[in-house]
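Trainee: Generate a structure from the sequence data that follows.
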Amino acid sequence: MPQSLDLSRLRDHLTQRLLPLWDRFGWDATHGGFHSRLDPRLQPVPDGFKRLTVQMRQLYVYSLAALASPDDPIAGPRADATFRHALARFWDSEHGGWFFTTTPQGKPLDRTKDTYSHAFAILGLTHYHHLRPEAGALELAIRTLDLMDRYLRDSRYGGFLEATSNTWAPQSRVRRHDPHMHLFEAALAACELGYTTRFEALAQELLDLMLERLYPPPYVGLAETYDQDWTPAAGTHSEPGHHFEWFWLLERARRMRLRELPEALLRALFQFGESHGVDPADGAVFDRVELDGRPRDTNKRVWPQTEYQKALAILLDSDHAWAPASQTEQRLGRSLDLCFERYIDASHGGWNEHADRAGRIHSDAMNATTVYHVYVAFREVAHRLGDVRDRSKAGGESSR
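Mentor: Presented below is the predicted three-dimensional model:
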């Protein structure tokens, strides 16, 4: 068995290296909240702001970790502190909703209310509620969705607007599928936790948007940007990492029986990402390709690698005839090997963010947002692969 498919190694990286590193060096002990980036010396990069998305992704991750290991001395307390900081510094007590950024000291800076960040607010809050039901986080998540329904919803073309001002005046911006994908993720996850009221209907609505507007047949590359009526924008591109991310989400929705999903859709999403987005030379995922699959940016960020691993993990634990398990596990092992060899900084357990096509690292800081990608991917691999092995073992024992 490849060392990368040792499940204890994956779990240990998360609990013994990644989360302790960000707890120690990523948390602002003076003003509270997580810094956005750390430099190679593990010092905060002076960006001049803190982001809501960072706080809510970390709230989600540390809540997951605390739920998995209630006795963990780091995860629960850090989730608690993150929730308190986000509520105190990012919540708009006058108009409702969440500010996009604050100053490093915690004063509102960019007061924009955007769908992308609010999606992560819902994701983080619902999971923190599962950890601390007495904190009122679920009510806050539903209030967030109420505000989005009232002010961010696009009643003409469907979906949600990109952003509004702090007083909820719509802002004109290029549309993206990405905020809707993460709102779909938040709705699915809330349903999996049992919070189906409001969130199941939201998941159904976003699933309809994906099937009818964002990615209708014929299935080619998924556009990143759109005009207001959901026509793919001129000059747009496709990101293989998002193909894998959508596949992972839609496969979860299929298993929840939210909708009968076309097999051709699931297969096209995964196979476009793999056939056009994975470099055959090393198995790493490119940043960007054209809608017809031609390479546009052959650099390789770390986050598309983790999305590929999530897609492979759920594919391994699936019944799709077009995906032989032995080949899927082999590709999964290769991708994990690549991450441990290229992207993980063995000296401290942090991650190199970006490499060129040849594998040379050219990033000089670690993004706090990457913690979410790495944690969810390794957790998903450990969960899915563990289930597959358990079933295989049980089947072998029953046949003896």
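Trainee: tell me which element Asp72 is part of?
Mentor: For Asp72, there is no enclosing helix or strand under DSSP states H and E.
Trainee: What's the separation between it and Leu269?
Mentor: Asp72 is 35 Å from Leu269, where distance means Cβ to Cβ, to the nearest Å. For glycine as for every other residue, the C-beta is placed from the backbone atoms N, C-alpha and C.
Trainee: ok, now Tyr343?
Mentor: Look at Tyr343 and Leu269: by Cβ to Cβ, they are 24 Å apart.
Trainee: what sits against Tyr375?
Mentor: Leu14, Leu18, Leu19, Val61, Leu64, Ala65 (Cβ atoms under 8 Å, 6 or more residues apart in numbering).
Trainee: residue ranges for the helices of the stretch 201-350 of the chain, please.
Mentor: Ranges of helices within the stretch 201-350 of the chain are 240-255, 263-277, 302-316, 325-338, based on DSSP state H, counting those that start in this stretch.
Trainee: count of residues packed around the nearest residue to Pro232 once chain neighbours are set aside?
Mentor: Nearest non-adjacent residue to Pro232, counting by Cβ to Cβ, 6 or more residues apart in numbering: Ala223, 3.7 Å away. When neighbours are counted by other Cβ atoms under 10 Å, Ala223 registers 21.
Trainee: now do the one 4 residues further on
Mentor: Close neighbours of Asp227, defined as other Cβ under 10 Å, add up to 13.
Trainee: who's in contact with it?
Mentor: Contact analysis of Asp227 by Cβ under 8 Å, 6+ apart lists Arg175, Ala233.
Trainee: Could you measure from it over to Ala281?
Mentor: Separation of Asp227 from Ala281 (Cβ to Cβ): 36 Å.
Trainee: the more surrounded of Asp72 and Leu269?
Mentor: The residue with more neighbours, out of Asp72 and Leu269, is Leu269; 25 against 17, by other Cβ under 10 Å.
Trainee: So for that one, what's the pLDDT?
Mentor: Leu269 carries a pLDDT value of 98.
Trainee: do you know how far it is from Gly48?
Mentor: Note on Leu269: its distance to Gly48, by Cβ to Cβ, is 38 Å.
Trainee: and if you look at His383?
Mentor: Here His383 is placed at a distance of 38 Å from Gly48 (Cβ to Cβ).
Trainee: who has more neighbours, those two?
Mentor: Between His383 and Gly48, His383 has the larger neighbour count (other Cβ under 10 Å), namely 15 against 10.
Trainee: which residues touch the more buried one?
Mentor: Contacts for His383 (Cβ under 8 Å, 6+ apart) come out as Ala313.
Trainee: and the host helix or strand of it, which residues are buried?
Mentor: Assessed by DSSP H and E, His383 sits inside helix 369-399. For helix 369-399, the neighbour count (16 or more other Cβ atoms under 10 Å) marks 369-382, 384-385, 388 as buried.
Trainee: what do you get for stretch 67-87?
Mentor: 67, 72, 74-76, 78-83, 85-87.
Trainee: Closest one to Ala190 out of those, please.
Mentor: Closest approach to Ala190 among the buried residues of stretch 67-87 (Cβ to Cβ): Leu67, at 14.2 Å.
Trainee: so how far is Tyr128 from that closest one?
Mentor: As judged by Cβ to Cβ, Leu67 and Tyr128 stand 10 Å apart.
Trainee: give the contact list for Ala311.
Mentor: Ala311 neighbours (Cβ under 8 Å, 6+ apart): Phe244, Glu245, Phe247, Trp248, Phe270, Gly273.
Trainee: Closest one to His177 out of these, please.
Mentor: Of all the contacts of Ala311, His177 sits closest to Glu245, with 10.3 Å by Cβ to Cβ.
Trainee: What count of nearby residues applies to the closest residue to that closest one other than its chain neighbours?
Mentor: What sits nearest to Glu245 in space, not counting adjacent residues and going by Cβ to Cβ, 6+ apart, is Glu307, at 4.6 Å. For Glu307, the count of nearby residues is 24 (other Cβ under 10 Å).
Trainee: Just the local confidence number for Glu307, please.
Mentor: If you check Glu307, the pLDDT there is 98.
Trainee: Ser326 too?
Mentor: In this model, Ser326 carries a pLDDT of 89.
Trainee: if I look at Leu109, how far off is Ala234?
Mentor: The gap separating Leu109 from Ala234 is 32 Å, by Cβ to Cβ.
Trainee: do the same with Leu338
Mentor: From Leu338 to Ala234 the distance is 35 Å (Cβ to Cβ).
Trainee: For those two, indicate the residue with more neighbours.
Mentor: A count of neighbours by other Cβ under 10 Å puts Leu338 above the other of Leu338 and Ala234, at 21 against 7.
Trainee: my guess is Asp114 contacts Pro179, does it?
Mentor: Yes. Counting by Cβ atoms under 8 Å, Pro179 is a contact partner of Asp114 at 7.3 Å.
Trainee: shared neighbours, the two?
Mentor: Common contact partners of Asp114 and Pro179 (Cβ under 8 Å, 6+ apart): Glu162.
Trainee: Identify the residues contacting Thr236.
Mentor: Ala223, Glu224, Thr225, Tyr226, Leu291.
Trainee: switch to 7 Å and redo it
Mentor: Contacts for Thr236 were tallied using Cβ atoms under 7 Å, 6 or more residues apart in numbering; they are Ala223, Glu224, Thr225.
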